[in-house]
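In: following is a predicted model, sequence given first.
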Amino acid sequence: MGQIYATTDSLDLLAAVRAARTAIASGEVIVMPTDTVYGIAADAFSASAVQRLLDAKGRTRATPPPVLVANHETLDALAENVHPLARELFERFAPGPLTVILQARGSLQLDLGETNGTVALRIPDSRLARELLKETGPLAVSSANKHGEPAATTAEEALEALGEVVGVFLDGGPAGGEPSTIVDATPLTRGEPARIVRQGALSRELIEEVLGDKLAAIDAPEPETVVEPAAGAEAETQTPTRPESAAETAPEPTDTEAIGAAETIGDPEAGAETQGVSDDGAQPSQRPSPAEHES
């Protein structure tokens, strides 16, 4: 049975982050609070860990999870051919309730499922989540529930749903809110308008302020052209190359240093912020494309 780790003070937070980091490094899945609902998370660069995530939820590879990252700098490490308008969306609305589908960087050979060579990226509006991401690197994250069941909004609900298959549950307090809005920005690189594949917390009106006529109309037909798979996207047995980051190359912090860092990020309300990983009950505003990701 899984264990819930409190994050309400510096010592609790230190133990929680250590447990989560160890589990992720071992290829296991964890449950973490985000800025909307609790999410089940796995190392985005481990195909076997991502498969554990999908198995835990009872999902198939046809619904790949999005990837949460700690900051804007990581976006270019995971995606390529990022259109200036897509970059402007991130600059304006991230961290926050925005997930953007982009062309995955082929050299990484991410194996998240049937992504058609794309990756759905989001920066969560939660300090606890972002600090954990700095420790672990990018995480594949989906709502912490079995397929078809309501998303967990507390660590206790997540434990009840997934306690038999997940060992570490970080408790960030009650979570709640709308799912993120998912925008497929890959058509922009082909001179076609981006489209909202699921309407969430970020309004269409705000997205239109950035994209203007480069956002497809609500009833626009889905384009027949799709993104070609990135090089090596189907090479499931190959070992992916992880981009180096300061968090990965820095020496392991001492207990004193880690506790000091924990005191700056510990936030019992972190899980109660207003946007983030969607629950499985959210309905897309249009028919999904082959490039769509579940989040």
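Out: Yep, it's here.
In: and the lowest mean pLDDT element among the helices and strands of this structure?
Out: For the chain, using mean pLDDT, DSSP states H and E, the weakest element among its helices and strands is strand 275-276, scoring a mean of 36.
In: tell me where the protein has helices.
Out: Assigned by DSSP state H, the helices in the chain fall at 10-25, 47-57, 73-78, 84-93, 127-136, 155-162, 204-211, 246-249, 255-265.
In: comparing those, which comes out most buried?
Out: helix 127-136 (a mean of 23; mean count of other C-beta atoms under 10 Å). No exception for glycine: its C-beta is placed from N, CA and C like everyone else's.
In: packing partners for it?
Out: helix 10-25, strand 30-33, helix 255-265 (3 or more C-beta pairs under 8 Å, 6 or more residues apart in numbering; DSSP states H and E).
In: just to revisit the earlier point, just put the helices of the chain in TSV and tack on distance to Ala194.
Out: TSV is the format used below for these (distance: least, C-beta to C-beta, whole Å):
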stretch	distance to Ala194
helix 10-25	32
helix 47-57	26
helix 73-78	16
helix 84-93	7
helix 127-136	25
helix 155-162	33
helix 204-211	6
helix 246-249	31
helix 255-265	33
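In: quick one: closest of those to Thr186.
Out: Nearest to Thr186, of all the helices of the chain, is helix 84-93, at 8.7 Å by C-beta to C-beta.
In: who are the contact partners of Ala15?
Out: Residues counted as contacts of Ala15 (C-beta atoms under 8 Å, 6 or more residues apart in numbering) are Tyr5.
In: quick check: it vs Gly106, distance?
Out: Per C-beta to C-beta, to the nearest Å, Ala15 is found 39 Å from Gly106.
In: about what we covered before: select, out of the helices of the chain, the one closest to Leu188.
Out: Nearest of the helices of the chain (C-beta to C-beta): helix 84-93, 5.8 Å.
In: and the angle from the closest one to helix 204-211?
Out: When axes from the mean of the first three to the mean of the last three C-alpha atoms, to 10 degrees is applied, the directions of helix 84-93 and helix 204-211 differ by 130 degrees.
In: and helix 84-93, average pLDDT?
Out: Here helix 84-93 scores 97 as its mean pLDDT.
In: in the stretch 151-295 of the chain, which segments are predicted with low confidence?
Out: Within the stretch 151-295 of the chain, the segments meeting pLDDT under 70 span 176-177, 219-295.
In: how about 80 then?
Out: 176-178, 219-295 (pLDDT under 80).
In: correct me if wrong: Asp35 contacts Leu128.
Out: No: judged on C-beta atoms under 8 Å, Asp35 makes no contact with Leu128 at a distance of 9.5 Å.
In: quick one, strands of the stretch 101-250 of the chain?
Out: Using DSSP state E, counting those that start in this stretch, the strands of the stretch 101-250 of the chain run over residues 118-122, 139-143, 168-171, 178-179, 181-184, 195-198.
In: deepest of the ones you listed, which one?
Out: Of all the strands of the stretch 101-250 of the chain, strand 139-143 has the most neighbours on average by mean count of other C-beta under 10 Å, namely a mean of 30.
In: given that strand, what are its sheet partners and their directions?
Out: Its sheet considered, strand 139-143 pairs with strand 38-43 (antiparallel), strand 67-68 (antiparallel) by DSSP bridges.
In: to Val166, which of those strands lies closest?
Out: Of those, nearest to Val166 by C-beta to C-beta is strand 38-43, at 6.5 Å.
In: hmm, who's touching the closest one?
Out: With C-beta under 8 Å, 6+ apart, strand 38-43 has contacts from 24-25, 27-33, 49-50, 52-53, 56-57, 65, 68, 136-137, 139-144, 151-155, 157-158, 162, 166, 175, 271, 276-277.
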